[in-house]
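**Student:** sequence first, predicted model second:
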Amino acid sequence: MSLGFSVDELLPKARGGGQLRMGLVRLSEEEWLQPAPDLEARTSGFADWPQGIQLTTEAEASGRELAAMLGINGGLREAALASHEDMCLLTRRAGEDVYRLIGAAVAWPSDWYPSDKIGLPLRALHAPIAGYEAQLATGVDRFMETLKPGAIYGRCNWFIAPTGARRWLANGSADSAFSHVTADNAGETLFVRSERQALRRLPKTGAILFTIGIYVAPLGELSRPNKAMLNDAIETLVTGEGDRRGALHYASQLKNYCERIPE
């Protein structure tokens with residue numbers, strides 16, 4: 001199953017709210033990365049937010065391996081500059097059985113700072129996500145351990161954001177961020193943000209590459225079936241992960257907007 005490269009294509013296959021799950025699908029090499037990245041946007045994205053690149057010495061060899069796979073010179077930074085996707089590298093240190101973040105090239109984060117995460121093991125990386133430890137951590141650890149070189153697996157999720165910017169850093173209170181949203185303007189003031197994520201193991205160094213493709217669209221531009229899906233899903237988003245991202249402050253406006261859409 002192909003995931004697609006737009007919010008409308010990703011939403012039917014994406015997780016948002018409810019029980020956490022990996023929801024992985026096997027991707028071909030051709031389905032791995034967006035085929036026509038906006039390289040000007042990538043260059044300006046990293047130029048505007050240089051702290052999005054965090055590299056340890058452990059990432060040097062795997063970064064070079066990744067760049068060579070993409071047919072370019074350099075390392076992780078150059079690989080991410082040449083792709084639509086943000087890119088992270090994880091590996092196990094000698095004597096450890098956990099994967100740690102050893103390199104990040106992230107121009108368009110979804111409310112996180114690579115400088116806060118570099119060097120952390122997987123469970124600590126995901127600590128802010130409600131339910132991760134209980135529902136998903138063991139399965140993710142097992143997947144990382146057994147992932148073979150050559151295989152590519154993808155998944156996607158969605159959030160509601162108060163901005164259409166690709167770089168989303170939710171500074172300030174959610175109450176303030178969504179205070180301008182009404183049932184009348186929700187189609188233009190609420191944005192659906194989807195992360196198209198993929199995992200693969202690099203064959204030489206054994207590091208695991210995690211790619212994150214960001215896609216954002218105004219609620220009003222989505223297909224009617226996707227608006228209906230969001231309307232149904234918002235009830236489960238108000239608790240857990242959605243609560244952390246301010247769902248209480250826009251849920252009623254989103255539902256009111258979606259329920260007004262004629263059949």
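**Tutor:** Alright, I've got the coordinates.
**Student:** what's the separation between residue 203 and residue 147?
**Tutor:** The gap separating residue 203 from residue 147 is 11 Å, by C-beta to C-beta, to the nearest Å. C-beta here means a position set from N, CA and C on the backbone, and glycine is covered the same way.
**Student:** more neighbours: which of those two?
**Tutor:** When residue 203 and residue 147 are compared for neighbours, residue 147 comes out ahead with 16 against 12, by other C-beta atoms under 10 Å.
**Student:** these two touch, right, that one and residue 201?
**Tutor:** Yes - with contact defined as C-beta atoms under 8 Å, residue 147 reaches residue 201; the gap is 4.9 Å.
**Student:** any common contacting residues for those two?
**Tutor:** residue 208 (C-beta atoms under 8 Å, 6 or more residues apart in numbering).
**Student:** picking up where we left off before, give me the common contacts of residue 203 and residue 147.
**Tutor:** Residues touching both residue 203 and residue 147 by C-beta under 8 Å, 6+ apart: none at all.
**Student:** now the closest residue to residue 37 other than its chain neighbours: phi and psi?
**Tutor:** Closest residue in space to residue 37, ignoring its immediate chain neighbours: residue 84 at 3.7 Å, by C-beta to C-beta, 6 or more residues apart in numbering. Dihedral pair for residue 84: phi -70, psi -30, per degrees, to the nearest 10.
**Student:** now do residue 153
**Tutor:** phi -120, psi 140.
**Student:** can you pull the contacts of it?
**Tutor:** The neighbourhood of residue 153, defined by C-beta under 8 Å, 6+ apart, consists of 24-27, 143, 147, 198-200.
**Student:** switch to 7 Å and redo it
**Tutor:** 24-27, 198-199 (C-beta atoms under 7 Å, 6 or more residues apart in numbering).
**Student:** same question, residue 229
**Tutor:** Contacts of residue 229 by C-beta under 7 Å, 6+ apart are residue 11.
**Student:** many thanks, have a good one.
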